[in-house]
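Trainee: Take this sequence and fold it.
(one chain, ligands or ions: 1)
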Amino acid sequence: MAADPQLIVPSSASFKLPAAHFIGNRAVNPHGGMTLPVIDPSNGEAFGEIARGDAEDIDFAVESARVALGGEWGMLSAVDRGRLLYRLSLAIGERIDEFTQIEARDCGKPLKQARADAIAVARYFEFYAGACDKLHGETLPYQAGFTVLTLREPLGVTAHIIPWNYPLQIFGRSVGAALAAGNACVVKPAEDACQSILRLAQLAAEVGFPAGAINIVTGLGSEAGAALVAHGGIDHISFTGSPDVGVLVSQAAAQNHVPVTLELGGKSPQILFADADFDLALPAIVNAIVQNAGQTCSAGSRLLIEKAVYEEVLEHLAGAFEKLRVGPAMMDLDCGPLIRQDQLQRVWDFLSDAHADGIAVMASGSIVPEAPENGFYQAPTLLRDVPWDHRLAQEEVFGPVLAAMPFDNEAHAIRLANSTRFGLVAGVWTENGARQMRMARAVRAGQVFVNNYGAGGGVELPFGGVKASGHGREKGFEALYGFTALKTIALRHGE
Ligand code: NAD
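Mentor: This next block holds a predicted model:
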């Protein structure tokens, strides 16, 4: 175990960018004494620092989680675990405004989006609180003279790597489920946005979570993140992030024979048939690409439109895009800034490729004059006639850019929908009931929404991908199974 770093006693009143990890219910200075700046995406300015964790900090956090499993946390009954999770849910619910402010500033989210995320994390803990004492095994019919049963046991120490786009929500779905199943967690939030997660961990301590149940180590992916996933003391990895890093995480997991859940990117299709209810569909289609400035793994970033209504739909959407306004998080407009300058540059590179290849911009929104010059703003952009195999139709832009293309018939729509390496979410818009089910069955994706689009779906709905979008499921009751090991006990007692 690493040498005991300097300990600082936190207090909720003084919670202000402590530039420290949160381990064993205490703020812990980084072992190496290094920090990273925290940048406000709305104006590009640094407003604090976070701890830059290293392998020693990860050692300390994993040890803290291991001790918790053998101590008070591991001894809690399922009912009492559930009560603790519920207390945390209530405490978050009483602080929605505080979490909204933290998340909006740190991620650049418009306030209404940050607020929705704060409400969602409270709901995750409420949902998983209720699930704690309902996670059970089975008895299995076997030979005479035997009784066979299965137990769902916690895996042990679970590692959680969280991206910057939805820190609160992803903490809720991943850590909430792992705790409900009785694991102790070590969390490495993204270096670009981890304030809300540090505050959540502190709040968990305040409502009574035993030391070591939740441990947070901040820092860079290549340092603290890589050290966590390669650590010999972890028993599961839950990774949400990019497909490339997902490969590295899988390799690290394989070295230690540790199960891994990967939630990676997407290029999710919205499939709009001529008979769809446009009043329902078009606002949802716009929202699914503008929400969180398009930085959503399940953003509906490809729009497949039946040829007969192609021009009409594009005209409608152009009108909607032109009304979209982009500005600082605190102005609470349709769209906030992107997270970083290099993310903005990445979106510009996609758009300049589109321009070079003759892809037409059908419409775009506007950046308000009040937006600070050094913020990372991109106007929502609607591109038309994007060839199905162009990188705009194949790769994740992770910005508010919608690629539209026409299709001839159902079979063509299915071919286009399934033509990328991803398979996370799809939206199908049609009033034809039989076609709804045919399409839902034919599209390869972890979630299919018919006449609605959940951009990740609700707390209760299992979520995850196929193909390069990842594997394993989070959210809903299903997630709990991934955080347990099934043990079979065969007892021979005679007849
Ligand atoms: P990223 O993969 O660079 O980073 C994600 C997290 O992984 C961060 O915490 C980062 O510090 C960490 N990380 C980076 N390198 C690491 C390494 N070598 N070892 C361990 N951890 C490491 O992705 P990002 O740019 O932060 O997030 C955007 C990507 O995440 C997009 O591709 C998006 O689609 C995806 N994403 C997916 C989901 C989902 O649920 N499927 C949700 C959000 C984001």
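
Trainee: contacts, neighbours, all on C-alpha from now
Mentor: Noted.

Trainee: can I assume P141 is in contact with T150?
Mentor: No - applying C-alpha atoms under 8 Å, one finds P141 not in contact with T150, separated by 11.5 Å.

Trainee: Comparing the two, which shows the higher neighbour count?
Mentor: The neighbour comparison of P141 against T150 (other C-alpha atoms under 10 Å) goes to T150, with 16 against 10.

Trainee: Look up how far G294 lies from the residue of the stretch 251-400 of the chain found nearest the ligand.
Mentor: At 3.1 Å from the ligand, G265 is the closest residue in the stretch 251-400 of the chain, using C-alpha to the nearest ligand atom. G265 sits 12 Å away from G294, going by C-alpha to C-alpha, to the nearest Å.

Trainee: try E312
Mentor: Using C-alpha to C-alpha, one obtains 24 Å as the distance from E312 to G294.

Trainee: Also F209?
Mentor: Noted for F209: a distance of 35 Å to G294, by C-alpha to C-alpha.

Trainee: who's in contact with the residue lying closest to R473 once chain neighbours are set aside?
Mentor: Take R473 and drop its neighbours on the chain: the residue closest to it by C-alpha to C-alpha, 6 or more residues apart in numbering is G464, 4.9 Å away. Counting by C-alpha atoms under 8 Å, 6 or more residues apart in numbering, G464 touches L262, E263, L424, G446, Q447, G470, H471, G472, R473, E474.

Trainee: For the stretch 101-250 of the chain, which residues are neighbours of the ligand?
Mentor: By C-alpha under 6 Å from any ligand atom, the residues of the stretch 101-250 of the chain that approach the ligand are 161-165, 188-191, 220-222, 225-226, 229, 240-242, 245, 248-249.

Trainee: Among those residues, name the ones in strands.
Mentor: In this view, these that belong to strands under DSSP state E are I161, K188, T240.

Trainee: Which of those residues lies at the shortest distance from A178?
Mentor: Nearest to A178, judged by C-alpha to C-alpha, of these is I161 at 13.0 Å.

Trainee: which residues touch the helix or strand containing L402?
Mentor: Secondary structure assigned from DSSP states H and E places L402 in strand 401-407. Identification of contacts with strand 401-407 by C-alpha under 8 Å, 6+ apart yields 289, 294, 300-307, 310, 380-388, 392-393, 413.

Trainee: cool, stretch 277-295 as well?
Mentor: Counting by C-alpha under 8 Å, 6+ apart, 109-110, 113, 165, 270, 272, 299-301, 316-317, 320-321, 334-338, 380, 398-402, 429-431, 451-453, 455 sit against stretch 277-295.

Trainee: For the ones in strands among the residues of the stretch 101-250 of the chain next to the ligand, give me TSV that also has pLDDT.
Mentor: Output for those, formatted as TSV (pLDDT from 0 to 100):
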residue	pLDDT
I161	98
K188	98
T240	98
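
Trainee: Pick out the one among those residues with the largest number of neighbours.
Mentor: Highest neighbour count within these, by other C-alpha under 10 Å: K188, with 29 neighbours.

Trainee: isn't that one right next to G225, touching?
Mentor: Yes - using C-alpha under 8 Å, K188 and G225 qualify as a contacting pair, with a distance of 6.1 Å.

Trainee: Of F209 and G294, which one has the most company?
Mentor: G294 (26 against 22).

Trainee: For the more buried one, give its distance to C335.
Mentor: From G294 to C335 the distance is 9 Å (C-alpha to C-alpha).

Trainee: show me the contacts for the most centrally placed residue in the chain.
Mentor: Closest to where the C-alpha atoms of the chain average out (C-alpha atoms, centre = their mean) is I170, at 4.1 Å. Contacts for I170 (C-alpha under 8 Å, 6+ apart) come out as I162.

Trainee: avg pLDDT for the host helix or strand of it?
Mentor: Using DSSP H and E, I170 maps to helix 167-180. Averaging pLDDT along helix 167-180 yields 98.

Trainee: which parts of the stretch 251-400 of the chain sit against the ligand?
Mentor: Counting by C-alpha under 6 Å from any ligand atom, the residues of the stretch 251-400 of the chain close to the ligand are E263, L264, G265, G266, C297.

Trainee: Need the max-distance pair from those.
Mentor: The widest separation within these (C-alpha to C-alpha) is 9.5 Å, between E263 and G266.

Trainee: hey, what's in contact with both of those two?
Mentor: Contact with both E263 and G266 is made by residues S469, according to C-alpha under 8 Å, 6+ apart.

Trainee: Looking at those two, which is more packed in?
Mentor: G266 (33 against 27).

Trainee: from the contacts of G464, which is closest to the ligand?
Mentor: Of all the contacts of G464, E263 has the smallest distance to the ligand: 3.6 Å, by C-alpha to the nearest ligand atom.

Trainee: dump the residue contacts of that closest one.
Mentor: With contacts defined as C-alpha under 8 Å, 6+ apart, E263 is in contact with F239, T240, G241, G464, G465, S469, G470, H471, G472.

Trainee: redo that, cut-off 7 Å
Mentor: Neighbouring residues of E263 by C-alpha atoms under 7 Å, 6 or more residues apart in numbering: F239, T240, G241, G464, G465, S469, G470, H471.

Trainee: Which of those residues are buried? Put it as a ChimeraX command.
Mentor: Only the buried entries of these go into this ChimeraX selection, using 16 or more other C-alpha atoms under 10 Å:
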select :239,240,241,464,465,469,470,471
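
Trainee: Which of the contacts of E263 sits closest to F376?
Mentor: The closest of the contacts of E263, once distances to F376 are taken by C-alpha to C-alpha, is G241, at 20.4 Å.

Trainee: any low-confidence regions in this structure?
Mentor: For the chain, the stretches flagged by pLDDT under 70 are 1-17, 455-457.

Trainee: Identify the single longest helix in it, thanks.
Mentor: In the chain, with assignment by DSSP state H, the single longest helix is helix 111-131.

Trainee: buried set for that one?
Mentor: 111-115, 117-131.

Trainee: do the same with stretch 352-369
Mentor: A354, I359, V361, M362, A363, S364, G365, S366, I367, V368.

Trainee: So which of these sit within strands?
Mentor: Counting by DSSP E, the part of the buried residues of stretch 352-369 found in strands is V361, M362, A363, S364, S366, I367.

Trainee: Please name the residues that touch the third one.
Mentor: Yep, that's A363 we're talking about. Neighbouring residues of A363 by C-alpha under 7 Å, 6+ apart: A318, F321, E322, T381, L382.

Trainee: Please name the bridge partners of it.
Mentor: L382 (DSSP bridges).

Trainee: before we move on, the earlier item: which residues touch the longest helix of the chain?
Mentor: Counting by C-alpha under 7 Å, 6+ apart, 82-83, 85-86, 88-90, 92-93, 96, 99-100, 103-104, 168-169, 172-173, 176-177, 180, 329-330, 332, 459 sit against helix 111-131.

Trainee: Work out the gap between the helix or strand that contains S352 and the centre of the chain.
Mentor: For S352, the host element (DSSP H and E) is helix 341-356. Chain-centre distance of helix 341-356: 24 Å, with C-alpha atoms, centre = their mean, to the nearest Å.

Trainee: Export that helix to CSV, keeping only CA atoms.
Mentor: What follows is helix 341-356, C-alpha atoms only, in CSV (Å, rounded to 0.1, in the frame of the first residue of the first chain):
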residue,chain,number,x,y,z
GLN,A,341,-10.6,23.7,-27.8
ASP,A,342,-9.3,20.5,-29.4
GLN,A,343,-12.8,19.1,-29.4
LEU,A,344,-14.0,22.2,-31.3
GLN,A,345,-11.1,21.9,-33.7
ARG,A,346,-12.1,18.3,-34.3
VAL,A,347,-15.6,19.4,-35.3
TRP,A,348,-14.1,22.1,-37.6
ASP,A,349,-12.0,19.4,-39.3
PHE,A,350,-15.1,17.4,-40.0
LEU,A,351,-16.9,20.4,-41.4
SER,A,352,-13.9,21.4,-43.6
ASP,A,353,-13.8,17.8,-45.0
ALA,A,354,-17.5,18.1,-45.7
HIS,A,355,-16.9,21.4,-47.5
ALA,A,356,-13.9,20.1,-49.5
